[in-house]
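Colleague: sharing a model prediction with you, sequence too.
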Amino acid sequence: MAKDILKVSLLTLGTIEILDLRENLSQRPFASRDLAKFICKMNHLEKLKLYGQYHDDFYSTASSMASTTKQIDTLDLYADPSERPSALRHLAQSLCTCCKMNQHHDDFYSSSSSMASTAKDKCNTSSTVTNLTVTDRTLKEWQDCGSMFDNVKRITIQIQDTIRCDVIQKIHLPAVTELTIQPEQYAMQPAFLHDDPTAFHKLSSQLVKVTFTDLTIGNDQTEHTIQAFRSTHDLKHLRILGFIRCGTDESLDPSNDEHRIQVEIVHGEPEW
């Protein structure tokens, strides 16, 4: 696949908007270097998915060309160089230089504390990221990232099985107004709520909307969750509480009469 990508004509190079890479180039420095150059010259690239493994030369080349690279909108990053300090440093530098990303989905800050601290050291100012998607595994290893995510307005947390309060309390994004909780993209089992869901105020006291999507909750727990949110004094700005395909049915009909927090429900079984 790597050879095929590098043989793409210059005409095609200028028109690609989405690039999905899953190659193992960890032992191929020249191919890794050429691939990085290829990516950095793509003037119309909007979404980049890096699922493969790459040689250190990939990251150093990307870092050296970052200042002249078009800023992409969305990065899905699953490649993990956390055990390779130089690659990690170059990755942090390149992402911070071209970090227009509206959605940084990932294990950039999750795989190890060294990854998070490196990013903090190299990116000590706020990025322009406004939409952030992370997994609960990311949050379990979350470290202080300085002011990098101070501009994030919307966050989606993808969970593998349950979301716990002690995990939520590890992240604080002061400007977040919208939170969505949903299963991981390739979940193999149902996802559930756990503990007190109103602990989300630890994430941001500015939350206006909280949405649960495709979780196994059911009528009883949904009703309890609604009551908990409507009773808490920690989320003073919350106005909308949503449940989308969370195992509820028509027998659940929460009243919205003159209540500050309005409930929006799409009944049905979770899709995962």
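Modeller: Arrived safely. This structure is a prediction, so every number in the text was calculated from the model and none was measured.
Colleague: for the stretch 51-200 of the chain, what spans make up the strands?
Modeller: Here the stretch 51-200 of the chain has its strands, by DSSP state E, counting those that start in this stretch, at 53-54, 74-77, 103-106, 131-135, 154-159, 162-163, 178-183, 192-193.
Colleague: quick one: those strands as a markdown table, columns for mean pLDDT and distance to His259 too.
Modeller: Every C-beta, even on glycine, is put in place using the N, C-alpha and C of the backbone. Output for those, formatted as a markdown table (pLDDT from 0 to 100; distance: least, Cβ to Cβ, whole Å):
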| stretch | mean pLDDT | distance to His259 |
| --- | --- | --- |
| strand 53-54 | 84 | 51 |
| strand 74-77 | 66 | 36 |
| strand 103-106 | 45 | 32 |
| strand 131-135 | 78 | 28 |
| strand 154-159 | 86 | 24 |
| strand 162-163 | 74 | 25 |
| strand 178-183 | 92 | 19 |
| strand 192-193 | 77 | 21 |
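Colleague: can you list those strands in CSV and add distance to Phe30 and mean neighbour count?
Modeller: Listed next are the strands of the stretch 51-200 of the chain as CSV, based on distance: least, Cβ to Cβ, whole Å; neighbours: other Cβ atoms under 10 Å:
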stretch, distance to Phe30, mean neighbour count
strand 53-54, 12, 22
strand 74-77, 23, 18
strand 103-106, 28, 20
strand 131-135, 33, 20
strand 154-159, 36, 21
strand 162-163, 44, 19
strand 178-183, 40, 20
strand 192-193, 48, 18
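Colleague: now for those, which one comes closest to Thr225?
Modeller: Judged by Cβ to Cβ, the one of the strands of the stretch 51-200 of the chain that comes nearest to Thr225 is strand 192-193, at 6.9 Å.
Colleague: so what strands line up beside the very next helix or strand once past that closest one?
Modeller: Later in the chain than strand 192-193, the nearest helix or strand by DSSP states H and E is strand 209-213. Its sheet considered, strand 209-213 pairs with strand 178-183 (parallel), strand 240-244 (parallel) by DSSP bridges.
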